[in-house]
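1. Got a predicted model here, sequence first, then my questions.
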There are 2 protein chains.
Amino acid sequence: MRIAIDAMGGDSAPRVTVEGAKDAAEEAKSGDEILLIGERKSIEIELSRCKNSIPKNLKIHHASEWIDMHEPPAVSVRRKKDSSINVAVQLLKEGAVDAIVAAGNTGAAVCAATLGLGMLEGIERPGIAITLPTLKGISLLIDVGANIDAKPIHLFQYAIMGAAFMRDVRMIENPTVGLLNIGEEESKGTELIKEAYRILEQRCSNFVGNIEGYDLFAGTSNVIVCDGFVGNVALKVSESLAHSIELYLKKALNRNPMTRFGALLSRSAFSFLRKETDYAEYGGAPLLGIHGTCIICHGKSSAKAIKNAVLVAREFITQGVNRHIVEAIKGL
Amino acid sequence: MRIAIDAMGGDSAPRVTVEGAKDAAEEAKSGDEILLIGERKSIEIELSRCKNSIPKNLKIHHASEWIDMHEPPAVSVRRKKDSSINVAVQLLKEGAVDAIVAAGNTGAAVCAATLGLGMLEGIERPGIAITLPTLKGISLLIDVGANIDAKPIHLFQYAIMGAAFMRDVRMIENPTVGLLNIGEEESKGTELIKEAYRILEQRCSNFVGNIEGYDLFAGTSNVIVCDGFVGNVALKVSESLAHSIELYLKKALNRNPMTRFGALLSRSAFSFLRKETDYAEYGGAPLLGIHGTCIICHGKSSAKAIKNAVLVAREFITQGVNRHIVEAIKGL
């Protein structure tokens, strides 16, 4: 298996992507290759900084351009033909690689992958599916921003795709699906949501009905579908709040010698907490619905998150998620 | 000044509403009265349980019905003519009271107040404005669920109303306004959001542009406008996450004797944290845009939150928020 990593994507690229790629290559099964796509010189500089020797299954594929985090996605993808993300998509299209991991400009990755690879049979729009830690294990929120003009049928397709991913990659046998709404009753919500409810009720066997924002981190359903605007806001608000609570807590624990000593004693509790809620553990968000395997990572991804995204990509292919999505859509 | 409290509203009504009303009456300025609206017997039973004597400025106004948390708002408001919320609105309309505090079924309160009191001149839709603790003081998020089919012009009106409230009641001199979106660039978002951006840019002098979910708890702008669906999800997701983090933290701090001892020493830090982020401090969310003063409280409100909501209601009237809203809309 060959997995391409957009080496130029992410806030700390190419340092972090190179580091993550090296870890992934070291842990890879025999025969597996990791391909770093990007400006060869910058990548080589980062590789030369690595302490240990470079694994043989880690290769570089040169791309002369890249798309920065704040460049307009559609325009940049069209103009920068030789950008790392475009090159990665082209390699995937040609069958030279089996999957892409991208931590850069999310809009550009969605745009390049959708235009370059096309949609799966029966799927109209892509959706980014993020794994959330909840009080009852993990849940999948789809879509968090690939498609902000969702139609009811897209939300239904998200349900099918999200369930396939949870079944195949997260090993949840019979994933339940909830619709993110502002109340539990069927009559709640916008026209989009009410129509999506009707379709899901008729055609999705594991549909558990509306779920509210309250339920998101409670683990009420395994898959939560929403339109990309709402999902994007929900995700970013959660990050914002978690960060604020952390800062508040630090400030509070630093108030006097006793609280500082207390914090020292409870340090192992905090590292446990950090591990339990560490997004890097879940390794990136699949862009579901496209004809290919593309795992999108947070711009702030650590090397560990990149490495785990490679593992998710491999599992995605091995388990045949896309085949299962097409079968599920056809069977309905 | 006379302030009516819907005694039957909220998860622990009438116990908590009576307790909060009593505290508010005790702290009231001379001449001020608090009116408990609801089923007289239940209220009297709760009052008889209070330890100290009942303040003379705390009165009961009987209403034979009430609307439960899970009843459908519009239908219930129409059918239950003598429900506590309908009676409160009627008293406000007649000028028998100056403001309402309601902790019950939010939809019913919005519906009763909007139908019963009508809108302020120049305002088309009401908005619920919630005060959020941020890293830089407080921000106001409007709307969190009064109007889920917002038009661009409604978002502009929320900006005007939110700014008036922050200026008059929260004493923020020149409140900035941000538009909740999925990116910073002007070109981002749905058609609703893009059109709202154009109006805000032209007509709102303190508009700082799009803000993302990341910025919500960072305090990037004093007022954040959004449509009621998105705002409701954002608010409830935040509550869900804060609750989950608390539970995780408790679990983590209870892992072994050392972390438990550490937690004991840092206890004062946690109570400080709780106080700094306690929603009850901010005392309810005004329903802005209606012809009258109506403060909506969380269904889980404590007696302190009810009391603080009364203080907000008083300030709302004293400062003339509604007059300032109408003037601001006319002046534009």
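-> Thanks, I have the structure now.
2. How about the contacts made by the closest residue to A:Asp11 other than its chain neighbours?
-> Using Cβ to Cβ, 6 or more residues apart in numbering or on different chains and skipping the chain neighbours, the partner closest in space to A:Asp11 is A:Gly299 (4.9 Å). To be clear about C-beta, it is placed using only N, CA and C from the backbone, and glycine gets the same treatment. For A:Gly299, the contact set (Cβ atoms under 8 Å, 6 or more residues apart in numbering or on different chains) comprises A:9-11, A:69, A:103-104, A:106.
3. Using neighbour counts, trim those to the buried set.
-> A:9-10, A:103-104, A:106 (16 or more other Cβ atoms under 10 Å in any protein chain shown).
4. what sits up against the top strand by length along chain A?
-> Longest strand in chain A, counting residues (DSSP state E): strand A:127-134. Where contact means Cβ under 8 Å, 6+ apart, the residues beyond strand A:127-134 that reach it are A:106, A:110, A:138-147, A:154, A:157-158, A:161-162, A:165, A:170, A:216-219, A:228, A:231, A:235, A:238, A:276-277, A:279, A:282, A:285-289, A:296, B:244.
5. Rounded mean pLDDT for it, please.
-> Averaging pLDDT along strand A:127-134 yields 92.
6. mind listing what that strand pairs with, with the direction of each?
-> Here strand A:127-134 has these sheet partners by DSSP bridges: strand A:137-142 (antiparallel), strand A:285-288 (antiparallel).
7. now the residue nearest to A:Asp11: how far from B:Ile142?
-> Counting by Cβ to Cβ, to the nearest Å, the separation of A:Gly299 from B:Ile142 is 29 Å.
8. By mean pLDDT, flag the weakest helix or strand of chain A.
-> Every helix and strand of chain A was ranked by mean pLDDT, DSSP states H and E. The lowest is helix A:267-276, at a mean of 66.
9. Can you tell me how far the closest residue to A:Cys50 other than its chain neighbours is from A:Asn52?
-> In this structure, A:Cys50 finds its nearest non-sequential neighbour in A:Lys22, 6.0 Å apart by Cβ to Cβ, 6+ apart. According to Cβ to Cβ, A:Lys22 and A:Asn52 sit 8 Å apart.
10. One more: A:Ile67?
-> According to Cβ to Cβ, A:Ile67 and A:Asn52 sit 31 Å apart.
11. Compare the two and say which is more crowded by neighbours.
-> More neighbours surround A:Ile67 than the other of A:Ile67 and A:Asn52, with 27 against 7 (other Cβ atoms under 10 Å in any protein chain shown).
12. Are we agreed that that one is in a helix?
-> No: A:Ile67 is assigned coil when assessed by DSSP: H, G, I helix; E, B strand; the rest coil, not a helix.
13. surely it meets A:Arg78?
-> No: applying Cβ atoms under 8 Å as the test, A:Ile67 and A:Arg78 come out as separate, 10.8 Å apart.
14. before we move on, back to that, state whether the residue nearest to A:Asp11 is indeed within a strand.
-> No: using three-state DSSP, the assignment for A:Gly299 is coil, not a strand.
15. buried set for the longest helix belonging to chain A?
-> Counting residues, the longest helix found in chain A (DSSP state H) is helix A:228-253. Buried residues in helix A:228-253, counted by 16+ other Cβ under 10 Å: A:228-242, A:244-245, A:248-249, A:252-253.
16. Stretch A:318-332 too?
-> Buried-residue list, stretch A:318-332, by 16+ other Cβ under 10 Å: A:319, A:321-322, A:324-326, A:328-329.
17. now do stretch A:104-123
-> A:104-114, A:116-117, A:120, A:123.
18. just those residues that are near chain B?
-> Filtering the buried residues of stretch A:104-123 for proximity to chain B (criterion: Cβ under 8 Å from any Cβ of the partner chain) leaves A:Gly107.
19. List just the nearest of the buried residues of stretch A:104-123 to chain B.
-> A:Gly107 (7.9 Å; Cβ to the nearest Cβ).
20. which other residues reach the helix or strand hosting that closest one?
-> Using DSSP states H and E, the element containing A:Gly107 is helix A:106-117. Contacts to helix A:106-117, defined as Cβ under 8 Å, 6+ apart, come from residues A:6, A:9, A:67, A:71-74, A:76-77, A:83, A:85-86, A:88-90, A:92-93, A:100, A:102, A:126, A:128, A:145-146, A:287, A:290-292, A:294, A:296, A:299, B:183.
21. Stretch A:181-194 too?
-> A:150-152, A:155, A:179, A:197, A:209-213, A:227, B:72, B:107, B:145, B:148-149, B:228-229, B:232-233, B:236.
22. Mind doing that once more with 6 Å?
-> Residues outside stretch A:181-194 that contact it (Cβ atoms under 6 Å, 6 or more residues apart in numbering or on different chains) are A:152, A:197, A:210, B:145, B:148, B:229, B:232.
23. Kindly report the residues of the stretch 201-332 of chain A close to chain B.
-> Counting by Cβ under 6 Å from any Cβ of the partner chain, the stretch 201-332 of chain A comes close to chain B at A:212-214, A:216-217, A:229-230, A:232-234, A:236-238, A:240-241, A:244-245, A:248, A:252-253, A:255, A:258-259, A:261-263, A:265-266, A:269, A:272-273.
24. which residue ranges form the helices in the stretch 51-200 of chain A?
-> A:73-79, A:84-94, A:106-117, A:152-168, A:191-203 (DSSP state H, counting those that start in this stretch).
25. Can you add mean pLDDT and give those back as CSV?
-> Shown next, in CSV, are the helices of the stretch 51-200 of chain A (pLDDT from 0 to 100):
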stretch, mean pLDDT
helix A:73-79, 95
helix A:84-94, 98
helix A:106-117, 96
helix A:152-168, 98
helix A:191-203, 96
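26. Go through the ones you listed and name the closest to A:Asp32.
-> Ranking the helices of the stretch 51-200 of chain A by their distance to A:Asp32 (criterion: Cβ to Cβ) puts helix A:84-94 first, at 15.6 Å.
27. That closest one to helix A:106-117, inter-axis angle?
-> 30 degrees (axes from the mean of the first three to the mean of the last three Cα atoms, to 10 degrees).
28. Just the buried residues of helix A:84-94, please?
-> Buried residues in helix A:84-94, counting neighbours by 16+ other Cβ under 10 Å, are found at A:84-92.
29. quick check, nearest of those residues to B:Ala309?
-> Closest to B:Ala309 out of those is A:Ile85 (51.0 Å), distances taken as Cβ to Cβ.
30. Please report how far that closest one lies from B:Ala108.
-> From A:Ile85 to B:Ala108 the distance is 50 Å (Cβ to Cβ).
31. how about the residues of the stretch 51-200 of chain A near chain B?
-> A:135, A:145, A:148, A:182, A:190.
32. mind redoing it with 10 Å?
-> Residues of the stretch 51-200 of chain A found near chain B (Cβ under 10 Å from any Cβ of the partner chain) are A:70, A:72-75, A:106-107, A:132-135, A:141, A:144-145, A:148-150, A:180-185, A:187-193.
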